[in-house]
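Colleague: Predicted model, plus sequence, below.
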Amino acid sequence: MRCEVVTGTDTDVGKTWGTAALAVRALAAGERVHVDKPVQTGVRRGEEGDVDVVRQLVAERAAAGVLPATALERLSVSEGARLGPAMAPVDAVAEAAGAGGAVPTLPTLARQVRRWRALAAEVDLVLIEGAGGITVAWTDADEGPVDAALALRAAGCAAQLCVVARPGLGTQNHTRLTVEHAAARGVPPARILVSGTSQAPDAVEQANLRCLARMAETQGARLETVPHDVLELLPAG
């Protein structure tokens, strides 16, 4: 059972775009893929969430002939929980509770792992897109992406961690902090994915990619990029 936990160096770094690129590559290889969002925040009932964006992006690639017509049949998506406030999951629960009405709850990590194991048994790859950065908690027990990867491994899944980073200023610091945090907890990332790279990178972006390439090599991780507006995984360099 293969699972990849997709986290980021921060919020709005392109995790959904990167997750979609990972899904497209697996679907192009003929695999069955499930994309899950453990906790979706900032989206109300009936609105489009991140997994819906992934499904739409895959549909566009299939319509354009980039993917076989059967690709959509091999893609499934789900959410573990949905909260309206556009905040970190634990804060979103507190905000919703303060507004009155029914008090939402976050699924426990054990419950999430049971879901992922059941999903992984039916497909070739489960992609799990987190919320915010690597230290943002998904549960009331302060558990997040690293805990998810560790729990999945303990449950018999071949789980790896993907860190999504932005290509611009600040990425060297944010990516190093993220990677070193994960490695210190025993889950060095298997992949660093730079989301939204330019077709013609300037000097800053070129320097950042060289730095991230050295960082990836030190950690034994793959460094890949997803260009802006081109949903294709490319090897860096």
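Modeller: Good, I have the coordinates. Every value quoted in this text rests on a predicted model; they were computed, and no experiment measured them.
Colleague: And the pLDDT for T9?
Modeller: Predicted confidence (pLDDT) for T9: 97.
Colleague: contacting residues for it?
Modeller: Taking Cβ atoms under 8 Å, 6 or more residues apart in numbering as the contact definition, T9 lies against 133-134, 163-166, 171, 174-175, 177-178. Using the backbone N, CA and C atoms, a C-beta is placed for each residue, glycine as well.
Colleague: hang on, V35 packs against D52?
Modeller: No - with contacts counted by Cβ atoms under 8 Å, V35 stays clear of D52, the gap being 9.9 Å.
Colleague: shared neighbours, these two?
Modeller: Counting by Cβ under 8 Å, 6+ apart, the shared contacts of V35 and D52 are V77.
Colleague: Would you tell me what helix or strand E31 is located in?
Modeller: In this structure, E31 sits in neither a helix nor a strand according to DSSP states H and E.
Colleague: Buried residues of stretch 27-43, list them for me.
Modeller: Neighbour counts using 16 or more other Cβ atoms under 10 Å place 27, 31, 33-43 of stretch 27-43 among the buried residues.
Colleague: what two of those are the furthest from one another?
Modeller: Among these, the pair separated by the greatest distance (Cβ to Cβ) is E31 and G42, at 29.8 Å.
Colleague: how many other residues sit next to the residue lying closest to L150 once chain neighbours are set aside?
Modeller: Taking Cβ to Cβ, 6 or more residues apart in numbering, and ignoring the residues beside it in sequence, L150 has V187 as its nearest neighbour in space, at 6.3 Å. Around V187 there are 21 other residues, counting by other Cβ atoms under 10 Å.
Colleague: ok, V187 touching G144?
Modeller: No - with contact defined as Cβ under 8 Å, V187 does not count as touching G144 (11.1 Å).
Colleague: In the protein, spot the helix with the most residues.
Modeller: Criterion DSSP state H: the longest helix present in the chain is helix 203-219.
Colleague: would you list every one of the helices in this structure?
Modeller: Assigned by DSSP H, the helices in the chain fall at 15-28, 50-63, 89-98, 109-120, 145-154, 171-184, 203-219.
Colleague: Enumerate every residue touching T19.
Modeller: 6, 35, 50, 54, 127, 129.
Colleague: any idea how far it is from A97?
Modeller: Relative to A97, T19 is positioned 29 Å away (Cβ to Cβ, to the nearest Å).
Colleague: export the helices of the chain to TSV and tack on mean pLDDT and distance to R2?
Modeller: As requested, these are arranged in TSV below (pLDDT from 0 to 100; distance: least, Cβ to Cβ, whole Å):
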stretch	mean pLDDT	distance to R2
helix 15-28	96	9
helix 50-63	95	17
helix 89-98	89	25
helix 109-120	97	7
helix 145-154	98	10
helix 171-184	98	19
helix 203-219	96	20
